[in-house]
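# coordinates only, no sequence provided:
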């Protein structure tokens, strides 16, 4: 019971870290364009992170992404020490990338740590290759989809607004940024909170054969307090902010104006809603970065700092293998004591 409670607490800590690690994704543009102050922006994003709980629970009616994450490892190979090692590995990598100001993926960190610990314990037969392949494919597909949507949305909006007074348009787009950032924050909540739900669900399923009180038979039995806690933790984390990553996302990839902010956030939100429909966990960081690149490319390709983009891509591609290695090494240590 103590081990299970420790895993749940650690998973919620990871969720909190995810919130401040990814806070930049939905508030970068409204901060850099001075629509809201940083403090106002994080409160705005945190509120809509939590609104996502009610949308998922009462409108969508299921937590599909949580189900996908819990199936990263075959049920018969899931144990509490494996989950503990995976979450610790994910927390370490998340804090390291946050400290360095690298907008890496919390999602893939968690999945990589979980899979790495399972492989170390039982070999490659422990993981569901098809699930991991699908998740890994969207490391590239999510930013690409965001980029394409943002590029074409920008072209359409520019054409529609071509005769509009520039100063008036600027005011309108600043107001619209509140809507677009709210939409992206909802997408962030829907997507990222469920990843931690999936890990906690896996822990509760692993606890069931051990006859631990909170154990459940399947993810369909997951209690409401798990979902509520995960959405609350990510909202609280968002309120704490992550200003190093705000700088990278808002100024280093391409300079963002209110118009570009609206298009990037709306395109990112549409991408997240689409992947939520597919029940595929993706990186909100990758998604908004791709959308910002798509908007920047409408001015001219040189408006996007491709050197920074290349560094981001390397960090993205390294996330799963590095966090898997961390998860595996930590499992070796954990297995000595449990």
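Good, I have the coordinates. Fair warning: this is a prediction, and the values are worked out from it, not measured in the lab. Numbering: from 1, shown residues only.
# please count neighbours and contacts with C-alpha atoms only from this point.
OK.
# what's the burial count for residue 274?
15 (other CA atoms under 10 Å).
# let me redo that: residue 84
So residue 84, with other CA under 10 Å, has 27 neighbours.
# quick check, it in contact with residue 7.
Yes: Residue 84 lies in contact with residue 7 (CA atoms under 8 Å); the separation is 5.7 Å.
# longest helix in the chain, by residue count?
Secondary structure assigned by DSSP state H gives helix 166-207 as the longest helix of the chain.
# in the protein, where is pLDDT below threshold?
21, 23-25, 101-104, 213-215, 241-256, 299-312 (pLDDT under 70).
# quick one: the helices in it, in order.
Under the criterion DSSP H, the chain contains helices at 2-32, 38-54, 64-70, 80-100, 106-122, 129-160, 166-207, 224-240, 243-247, 258-278, 284-299, 306-334.
# so which of the ones you listed comes closest to residue 216?
Closest approach to residue 216 among the helices of the chain (CA to CA): helix 166-207, 5.0 Å.
# sorry, back to before: which other helices and strands does the longest helix of the chain contact?
helix 2-32, helix 38-54, helix 64-70, helix 80-100, helix 106-122, helix 224-240, helix 258-278, helix 284-299 (3 or more CA pairs under 8 Å, 6 or more residues apart in numbering; DSSP states H and E).
# let's see 6 Å
helix 2-32, helix 38-54, helix 64-70, helix 258-278 (3 or more CA pairs under 6 Å, 6 or more residues apart in numbering; DSSP states H and E).
# list the contacts of the closest residue to residue 45 other than its chain neighbours.
Distances taken as CA to CA, 6 or more residues apart in numbering place residue 185 nearest to residue 45, at 5.4 Å, with adjacent residues excluded. Shown in contact with residue 185 (CA atoms under 6 Å, 6 or more residues apart in numbering): 26, 45, 48-49.
# recalculate using a threshold of 8 Å.
Neighbouring residues of residue 185 by CA atoms under 8 Å, 6 or more residues apart in numbering: 26, 45-46, 48-49, 269.
# for residue 114, see how far away it is.
26 Å (CA to CA, to the nearest Å).
# next one: residue 11
12 Å.
# between those two, which contacts overlap?
residue 87.
# phi, psi for the residue lying farthest from the centre of the chain please.
Relative to the centre of the chain, the most outlying C-alpha is that of residue 163, 37.9 Å out, by CA atoms, centre = their mean. When read as degrees, to the nearest 10, the backbone of residue 163 gives phi -100, psi 0.
# distance check, it against residue 319.
Counting by CA to CA, the gap from residue 163 to residue 319 is 45 Å.
# quick one, which of the helices and strands packed on helix 166-207 is nearest to residue 151?
helix 258-278 (8.7 Å).
# which positions in that closest one come out as buried?
By 16 or more other CA atoms under 10 Å, the buried positions in helix 258-278 come out as 258-273, 275-276.
# of the helices and strands packed on helix 166-207, which is nearest residue 177?
When the helices and strands packed on helix 166-207 are compared by CA to CA, helix 258-278 sits nearest residue 177, at 5.0 Å.
# what about residue 335, how many residues nearby?
Considering only other CA under 10 Å, residue 335 is surrounded by 12 other residues.
# contacting residues around it?
Counted by CA under 8 Å, 6+ apart, residue 335 has contacts residue 81.
# please report phi then psi for it.
Per degrees, to the nearest 10, the backbone of residue 335 is at phi -70, psi -20.
# my guess is residue 81 contacts residue 337, does it?
No: using CA under 8 Å, residue 81 is not in contact with residue 337, being 9.6 Å away.
# ok, residue 11 and residue 114, which is more surrounded?
A side-by-side neighbour count of residue 11 and residue 114, using other CA under 10 Å, places residue 114 first with 34 against 27.
# and residue 230, what does it touch?
Per CA under 8 Å, 6+ apart, neighbours of residue 230: 12, 15, 193-194, 196-197.
# farthest pair within those?
Within the contacts of residue 230 (distances taken as CA to CA), the two that end up farthest apart are 12 and 194, at 11.4 Å.
# the two: which is more packed in?
The neighbour comparison of residue 12 against residue 194 (other CA under 10 Å) goes to residue 194, with 30 against 24.
# I'd say that one and residue 63 touch.
Yes: judged on CA under 8 Å, residue 194 makes contact with residue 63 at a distance of 6.7 Å.
# overlap of the contact sets of these two?
The contact lists of residue 194 and residue 63 share no entry, where a contact means CA under 8 Å, 6+ apart.
# quickly note the distance from the residue lying closest to residue 290 once chain neighbours are set aside to residue 264.
Distances taken as CA to CA, 6+ apart put residue 143 closest to residue 290, at 4.1 Å, once the chain neighbours are dropped. From residue 143 across to residue 264, the span is 11 Å (CA to CA).
# no further questions, thank you.
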